[in-house]
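Q: structure of the sequence below:
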Amino acid sequence: MILKNIIANGLPKKINIKPIGVIHTPYQDAKDIPIQGIFKSEAEGWIELEEKYQPGLKDLDGFSHAILIYYFHRSVEEHLEGKPFLEDVAHGIFAIRSPHRPNHLGLSIIKIKRIETNRIYFTEVDMLDGTPLLDIKPYSKYFDNRENVVSGWMEKHFKNGAIPERTILK
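A: Residues are numbered from 1 along each chain as shown. Model prediction:
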């Protein structure tokens with residue numbers, strides 16, 4: 001019976017998610033990754049989707065960008081606070097993009113270069129080689145852009161369009 005998997009507060013005890021493919025990138029070590037792919041936009045990677053999911057790529061080639069949801073497979077720590085790469089001050093884990101979060105989920109926006117059979121070639125890479133891919137969603141300027149966005153503690157690092165010096169993980 002399904003109800004046995006529900007705990008008192010209505011949340012499932014466990015959620016099973018399986019990878020749909022693997023992300024291949026030039027980054028073997030976290031210290032070489034930009035804090036976001038946009039800061040090293042020339043870096044290229046590719047996704048190898050399991051062949052059974054290839055039909056799901058139909059029409060994705062009409063989009064310039066996609067959102068990848070993946071698993072931080074090398075993160076073995078879990079923190080509720082952490083120091084982001086732009087600061088030496090700790091912030092709550094949900095106010096930063098650290099891999100050391102409760103479910104180790106990552107999200108990146110990538111620029112699609114081309115799609116060939118079950119492979120997506122892309123730039124704006126910010127994940128480690130061998131990262132398990134969980135899902136792909138098309139990026140849409142009609143849904144994903146927002147007006148009057150405020151970026152909390154990050155605002156001071158990007159004043160007047162400035163790019164912070166620390167854009168590569170160290």
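Q: state the phi and psi torsions of the residue nearest the centre of the chain.
A: Nearest to the mean C-alpha position of the chain, counting by Cα atoms, centre = their mean, stands Leu107 at 2.2 Å. For Leu107, the backbone dihedrals are phi -140, psi 130 (criterion: degrees, to the nearest 10).
Q: restricting to C-alpha, output the lowest-mean-pLDDT helix or strand in the chain in CSV.
A: Using mean pLDDT, DSSP states H and E, helix 141-144 stands out as the lowest-scoring helix or strand of the chain, at a mean of 92. The C-alpha coordinates for helix 141-144 follow below in CSV (Å, rounded to 0.1, in the frame of the first residue of the first chain):
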residue,chain,number,x,y,z
LYS,A,141,13.0,33.3,-22.1
TYR,A,142,9.2,33.4,-21.7
PHE,A,143,9.2,31.4,-18.5
ASP,A,144,12.7,31.6,-17.0
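Q: for it, packing partners?
A: Packed against helix 141-144, as judged by 3 or more Cβ pairs under 8 Å, 6 or more residues apart in numbering; DSSP states H and E, are no other helices or strands. C-betas here are computed from N, CA, C, even on glycine.
Q: number of residues surrounding the closest residue to Ala43 other than its chain neighbours?
A: Computed as Cβ to Cβ, 6 or more residues apart in numbering, the closest residue to Ala43 that is not its neighbour in sequence is Val125, at 4.3 Å. Look at Val125: counted by other Cβ atoms under 10 Å, it has 25 neighbours.
Q: quick one: contacts for Val125?
A: By Cβ atoms under 8 Å, 6 or more residues apart in numbering, the residues touching Val125 are Thr25, Pro26, Tyr27, Ile33, Gly37, Lys40, Ala43, Glu44, Gly45, Ile110.
Q: quick check: beta-bridge partners of the residue nearest to Trp153 when sequence neighbours are not counted?
A: Spatial nearest neighbour of Trp153, chain neighbours left out: His91 (6.1 Å); criterion: Cβ to Cβ, 6+ apart. Per DSSP bridges, the residues bridged to His91 are Gly82.
Q: so how far is Ala30 from His91?
A: Separation of His91 from Ala30 (Cβ to Cβ, to the nearest Å) stands at 19 Å.
Q: next, count neighbours for the nearest residue to Leu80 once chain neighbours are set aside.
A: Among residues not flanking Leu80 along the chain, Ile93 sits closest, at 5.2 Å (Cβ to Cβ, 6+ apart). Look at Ile93: counted by other Cβ under 10 Å, it has 16 neighbours.
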